[in-house]
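Novice: got a predicted model here, sequence first, then my questions.
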Protein chains: 2
Amino acid sequence: MSLLAIDLGGTKLAIGVFDENGKLLFSKEDSLGGRKGKEVGELISENIISIFNSGYSPVEAIGIAVPGISNSKNGTVWAPNIPGWDNYPLLEEIRKISGDIPVSVESDRSCYILGEMWQGNAKGTGNAIFLAVGTGIGAGIVVDGNVLHGANDIVGAVGWMALHHPYREEYVQCGCFEYNASGIGVAKMACQYIAADQQYSGSLKSIGAGEITSHDVFKAFNENDPVSVQVINNAVQYWGMAIANLISIFNPEKILLGGGLFGPAIKFIPAIRDEAMKWAQPISAQQVSIEPSLLGSAAGIYGAAYLALQSVQKK
Amino acid sequence: MSLLAIDLGGTKLAIGVFDENGKLLFSKEDSLGGRKGKEVGELISENIISIFNSGYSPVEAIGIAVPGISNSKNGTVWAPNIPGWDNYPLLEEIRKISGDIPVSVESDRSCYILGEMWQGNAKGTGNAIFLAVGTGIGAGIVVDGNVLHGANDIVGAVGWMALHHPYREEYVQCGCFEYNASGIGVAKMACQYIAADQQYSGSLKSIGAGEITSHDVFKAFNENDPVSVQVINNAVQYWGMAIANLISIFNPEKILLGGGLFGPAIKFIPAIRDEAMKWAQPISAQQVSIEPSLLGSAAGIYGAAYLALQSVQKK
């Protein structure tokens, strides 16, 4: 069986063909190269047609992960990092070329947890959450075997979690949790601490204030840089509290940590777990396992393939 | 059609017979009268048999709301306020007398939201949450039309939500949110403020420290008692933050506020909404309606009846 999986990112497009057992038969990656709006849709269509015309034909189903929100009611996509994709009619466009082949579209964060359930660290579970911490923060959530969508498919916007009062105006763009513990949050927090500390002369000082990245902060942490230690300890507290809330609310079997920061923050998982265990509903806390993602940056394409497989199984 | 609904509380048992349109045909209430363990099960069985032998026969299905956790895998119930109900085999016991009639058991908080979806303020929605704020705090959660259960049916333990760091040892029994904003939390908070304020001479002073109830605090608030104003403002902030988190995580259409405190706290809903809107994911915040429960203390029995109806519809 050939399952065609597509993982659209903000700057690139990944294509994979899988068999029903999760074996990757073919993969390629295209840069979006500055494409916008309809040009991105055309790039996806061209790639699909090229697989249709290849040795991997017949394709039994197509799954697509998108970097934003997939509207399950009308098949349109909101992808903030792709110009012109405010309400893009992706499903309609793909159906023009796919004929009777089922096509499913989901948000990337939902695909991450689907990928991990199929071939990663959430295999065999029906209650699992993928917490993706990169530039921003979001979660893909599966409960009782179903990926959650919500009223308008915006489930899992966990970067907006309120974790410490009072409210600060700085949260207006991204939310309290993301402000403190996303990639951008960690970098900004370091800049703030440096600006507030006249005595600071650590390694981050030599980087221009607006140039510091979360990568720099993790590197400086390894050298015991006092600002980085403060920023990371703060982030660990926020990650732990947010994970505790997911445990108390969802009673999951697994919470997987992925995205660009997990990555370097994987070594803090024991400290994050200790923080989470303090706050969470104690019975649920004993029942959950907090682990890094197994599939890493491939979680999206595996999830897209599993979407495709599920649509075949439902037929 | 006769649907038999049972709402078991910590001190009483409510029985209702409904038709499929939500019309209440018969109702009665028994005190548990200090019954424990098997005696409580027998009281339920006797009531069921008495309905079987009444003019409401034939009963098409039975739904039961329990004050705790209903284990969906084996039908046992954990109900902390009923002595001997650690792992009580309720479903097995009822099936002995119910024959072919379907029997469903759910936690009270799940029944609250089911009741509101059937005959209350969440009619017509598939994404709705009932936040029950009484002695403790819990939530019944419906997403994409399904009541959530989680790995071991402990979904919705939202009283454990972490909403302000650092962690305090006082949270160990009940969680941060419940500590600040449950009925017991509000009363305890008032005692703490009074103990800390030597100058305080308000109306709560005359009540013994351990005797203050949330009811007293709401009453004193209406007289501008400074301690009560402080306690209620703190609780409003916590209710708002917790509701914001439910909005960002679930993208619901409705959040209904019920339980003993809503009740007197209904008049704070506009202030709670303002607080929630500041913190929540802004698109989801625009899509949700925050309202009081319509069914109040009857939400559980309506939910039990809807459980019964759903089991008939699934047959």
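Specialist: Okay, I see it.

Novice: in chain A, where's the longest helix?
Specialist: Using DSSP state H to define each element, chain A has its longest helix at helix A:226-250.

Novice: who are the contact partners of the residue nearest to A:G296 when sequence neighbours are not counted?
Specialist: In space, A:G296 comes closest to A:G258 once its chain neighbours are excluded; the distance is 6.6 Å by C-beta to C-beta, 6 or more residues apart in numbering or on different chains. For glycine as for every other residue, the C-beta is placed from the backbone atoms N, C-alpha and C. Residues near A:G258 by C-beta atoms under 8 Å, 6 or more residues apart in numbering or on different chains: A:112, A:130-133, A:292-293, A:295-296, A:299.

Novice: restricted to helices, list the residues you listed.
Specialist: Those of the contacts of A:G258 lying in helices (DSSP H): A:112, A:299.

Novice: which one among the contacts of A:G258 gets closest to chain B?
Specialist: Distance to chain B, by C-beta to the nearest C-beta, is smallest for A:L131 among the contacts of A:G258, at 11.7 Å.

Novice: strands of the stretch 151-300 of chain A, residue ranges please.
Specialist: Counting by DSSP state E, counting those that start in this stretch, the stretch 151-300 of chain A has strands at residues A:254-258, A:289-292.

Novice: quick one: which of the ones you listed is nearest B:G138?
Specialist: strand A:254-258 (20.9 Å; C-beta to C-beta).

Novice: angle of that closest one against helix A:226-250?
Specialist: 150 degrees (axes from the mean of the first three to the mean of the last three C-alpha atoms, to 10 degrees).

Novice: partner strands of strand A:254-258 and their direction?
Specialist: Applying DSSP bridges to the sheet, strand A:254-258 is found paired with strand A:128-133 (parallel), strand A:289-292 (parallel).

Novice: tell me which of those strands is the most buried.
Specialist: strand A:128-133 (a mean of 29; mean count of other C-beta atoms under 10 Å in any protein chain shown).

Novice: any residues touching it, and which ones?
Specialist: A:108-109, A:112-113, A:116-117, A:122, A:137-142, A:158, A:181-183, A:239, A:242-243, A:246, A:250, A:252-262, A:265, A:293, A:299.

Novice: select only the buried ones of the residues you listed in ChimeraX?
Specialist: The ChimeraX command for the buried members of the contacts of strand A:128-133 (criterion: 16 or more other C-beta atoms under 10 Å in any protein chain shown) is given here:
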select /A:108,109,112,113,116,117,122,137,138,139,140,141,142,158,181,182,183,239,242,243,246,250,252,253,254,255,256,257,258,259,260,261,262,265,293,299
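
Novice: isn't A:A195 right next to A:I212, touching?
Specialist: No. Counting by C-beta atoms under 8 Å, A:A195 stays clear of A:I212, with 11.2 Å between them.

Novice: of these two, who's got more company?
Specialist: A:I212 (23 against 10; other C-beta atoms under 10 Å in any protein chain shown).

Novice: what are the phi and psi values at the more buried one?
Specialist: phi -60, psi 130 (degrees, to the nearest 10).

Novice: tell me the pLDDT at A:I101?
Specialist: On pLDDT, A:I101 comes in at 97.

Novice: one more: A:K314?
Specialist: A:K314 is assigned 82 on the pLDDT scale.

Novice: now A:C111
Specialist: On the pLDDT scale, A:C111 gets 98.

Novice: that one contacts A:G68, correct?
Specialist: No. Judged on C-beta under 8 Å, A:C111 makes no contact with A:G68 at a distance of 12.0 Å.

Novice: ok, the two, which is more surrounded?
Specialist: Using other C-beta under 10 Å as the criterion, A:C111 and A:G68 rank with A:C111 on top: 31 against 21.

Novice: count of neighbours near the nearest residue to A:L8 once chain neighbours are set aside?
Specialist: Distances taken as C-beta to C-beta, 6+ apart place A:V66 nearest to A:L8, at 5.2 Å, with adjacent residues excluded. Neighbour count for A:V66, taken as other C-beta under 10 Å: 26.

Novice: contacts only, for A:V66.
Specialist: A:8, A:77, A:79, A:90, A:105-108.

Novice: and if you look at A:L294?
Specialist: Applying C-beta under 8 Å, 6+ apart, the residues contacting A:L294 are A:116, A:119-121, A:256.

Novice: between those residues, which is closest to A:I269?
Specialist: Nearest to A:I269 among the contacts of A:L294, with distances taken as C-beta to C-beta, is A:L256, at 10.5 Å.

Novice: who does the closest one form a beta bridge with?
Specialist: A:F130, A:E291.

Novice: pretty sure it is touching A:M117, no?
Specialist: No. Look at A:L256 against A:M117 with C-beta under 8 Å: they stay out of range, at 9.7 Å.

Novice: for chain B, see how far away A:G34 is.
Specialist: 27 Å (C-beta to the nearest C-beta, to the nearest Å).

Novice: count the neighbours of that residue for me.
Specialist: 8.

Novice: before we move on, what SS does it have?
Specialist: Following DSSP: H, G, I helix; E, B strand; the rest coil, A:G34 is assigned to coil.

Novice: could I get the phi/psi values of it?
Specialist: Dihedral angles (degrees, to the nearest 10) for A:G34: phi 80, psi 10.

Novice: go on, A:L3?
Specialist: phi -110, psi 130.

Novice: contacts only, for it.
Specialist: So A:L3 contacts A:17-20, A:59-63, A:305, A:308-309, A:312 (C-beta under 8 Å, 6+ apart).

Novice: could I get the CA-only coordinates of stretch A:150-166 as CSV?
Specialist: Extracted in CSV, the C-alpha atoms of stretch A:150-166 (Å, rounded to 0.1, in the frame of the first residue of the first chain):
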residue,chain,number,x,y,z
GLY,A,150,-12.8,22.0,19.1
ALA,A,151,-15.4,24.4,17.8
ASN,A,152,-13.2,25.9,15.1
ASP,A,153,-10.1,23.7,15.1
ILE,A,154,-8.0,25.9,17.4
VAL,A,155,-7.6,23.3,20.1
GLY,A,156,-4.2,23.1,21.7
ALA,A,157,-3.2,26.8,21.8
VAL,A,158,-1.4,26.0,25.0
GLY,A,159,1.2,28.8,24.5
TRP,A,160,-1.6,31.1,25.8
MET,A,161,-1.8,29.3,29.2
ALA,A,162,-2.1,31.7,32.1
LEU,A,163,0.5,30.5,34.7
HIS,A,164,1.3,33.5,36.8
HIS,A,165,-0.6,36.7,37.7
PRO,A,166,-1.0,39.6,37.4
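
Novice: touching chain B at all, that stretch?
Specialist: Yes. Stretch A:150-166 lies within reach of chain B by C-beta under 8 Å from any C-beta of the partner chain, at A:150-166.

Novice: on that earlier part again, out of the contacts of A:L3, list just those in helices.
Specialist: A:305, A:308-309, A:312.

Novice: just give the nearest non-adjacent residue to the residue of the stretch 151-300 of chain A found nearest chain B, would you?
Specialist: Here the stretch 151-300 of chain A gets closest to chain B at one residue, A:N251, 3.1 Å apart by C-beta to the nearest C-beta. Leaving aside its sequence neighbours, A:N251 sits nearest to B:G150 (C-beta to C-beta, 6+ apart; 3.1 Å).

Novice: narrow the residues of stretch A:150-166 next to chain B to those in helices?
Specialist: Among those, no member lies in helices (by DSSP H).

Novice: and the stretch 201-315 of chain A, which residues reach chain B?
Specialist: Residues of the stretch 201-315 of chain A lying near chain B by C-beta under 8 Å from any C-beta: A:237, A:241-242, A:244-245, A:248-253, A:275, A:278-281, A:283-284, A:287-288.

Novice: make it 7 Å
Specialist: Residues of the stretch 201-315 of chain A lying close to chain B by C-beta under 7 Å from any C-beta of the partner chain are A:237, A:241, A:244-245, A:248-253, A:278-281, A:283-284, A:287.
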